[in-house]
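Engineer: This is a predicted model, with the sequence first.
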Amino acid sequence: MSKLLIVEDDDALREQLEIGLRTHGFDVASVATGTDAIPAFEKLKPDLILLDLMLPGKNGIEICTEIRKTSGVPIIILTARTDDQDMIRGLEAGADDYVTKPYPIEVLVSRIKARLRPLTRVIENPIVKIGSVELDTLSHEVRKGEKKIALTPLEFKLLLTLASHPNEVYTREMLLEQVWEYTYKADTRLVNVHIQRLRSKIEDDQEDPKLVLTVRGWGYKAGPE
């Protein structure tokens, strides 16, 4: 049974989420303030976090940034329709996905299950290379020379998808389907923000060749440039 932590200050919504997610078989805990979020995360060690952005105490972006310093736990942002810029800032801080309030519980459950699903990809060679970066598909470690690069599970899946087929162009919609497991039209900004985060981690030297290339009008492909 997967353990979820809800960080949401709206009492009615938080209670509704708890009931709905327990009905779908999840072990659920919750807190109502940003101040309580990090202690709850450290104590409970949840498998996934549902994180509101507008919270008393620490806001969701601060919480996400702090958690990402030590953990790749999946984080799904809960956001209002008018919070576009905050949503993007949350993704830039390390969140994996977002859902817009109000949302059917079935939609949220499908997003949660997608983020909790283990990466299962059979490839002939367990080591996949993109330029000077190596991905170990058995240990899920990423290295650049002697340096180990910390990626979230979603970032690893995104990089592996591109690196497994070098020079093959993926549209943003294809990446949403293969990495996020979306089966319907969705916000391609998810892809753009995660590509930026990925580049910032694997292209740490300005003199390095680009490893994830933008193909204007189409999408992205693995390099190197």
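Structural biologist: Yep, that arrived. Numbering: from 1, shown residues only.
Engineer: how's the protein carved up into domains?
Structural biologist: 3-116, 127-222 (automatic domain parsing).
Engineer: Out of those, which gets the lowest mean score?
Structural biologist: Among the domains of the chain, domain 127-222 carries the lowest mean pLDDT, at a mean of 89.
Engineer: Show me where this structure has its strands.
Structural biologist: Ranges of strands in the chain, per DSSP state E, are 3-7, 27-31, 48-52, 75-79, 97-100, 127-130, 133-136, 141-144, 147-149, 170-171, 212-215, 219-222.
Engineer: you'd agree residue 193 is up against residue 88?
Structural biologist: Yes. When contacts are counted by C-beta atoms under 8 Å, residue 193 is listed as touching residue 88 (6.3 Å). Where C-beta positions appear, they are placed from N, C-alpha and C, glycine not excepted.
Engineer: Spatially central, which residue of this protein would that be?
Structural biologist: Residue closest to the mean C-alpha point of the chain, counted by C-alpha atoms, centre = their mean, is residue 96 at 1.9 Å.
Engineer: Which residues are in contact with the closest residue to that residue other than its chain neighbours?
Structural biologist: Counting by C-beta to C-beta, 6 or more residues apart in numbering, residue 154 is the residue found nearest to residue 96 once chain neighbours are left out, at 4.6 Å. Residue 154 makes contact with 74, 96, 97, 115, 179, 180, 194, according to C-beta atoms under 8 Å, 6 or more residues apart in numbering.
Engineer: Show me which residues of stretch 179-199 are buried.
Structural biologist: Across stretch 179-199, burial judged by 16 or more other C-beta atoms under 10 Å covers 179-180, 182, 187, 190-195, 197-199.
Engineer: What about these, which are in helices?
Structural biologist: Secondary structure from DSSP state H places 190, 191, 192, 193, 194, 195, 197, 198, 199 of those in helices.
Engineer: between those, which is closest to residue 209?
Structural biologist: Nearest to residue 209 out of those is residue 199 (C-beta to C-beta; 11.7 Å).
Engineer: what's the distance between the residue nearest to that closest one when sequence neighbours are not counted and residue 37?
Structural biologist: Using C-beta to C-beta, 6+ apart and skipping residues adjacent in sequence, the residue nearest residue 199 is residue 212, 5.6 Å away. Remark: distance between residue 212 and residue 37 (C-beta to C-beta, to the nearest Å) = 32 Å.
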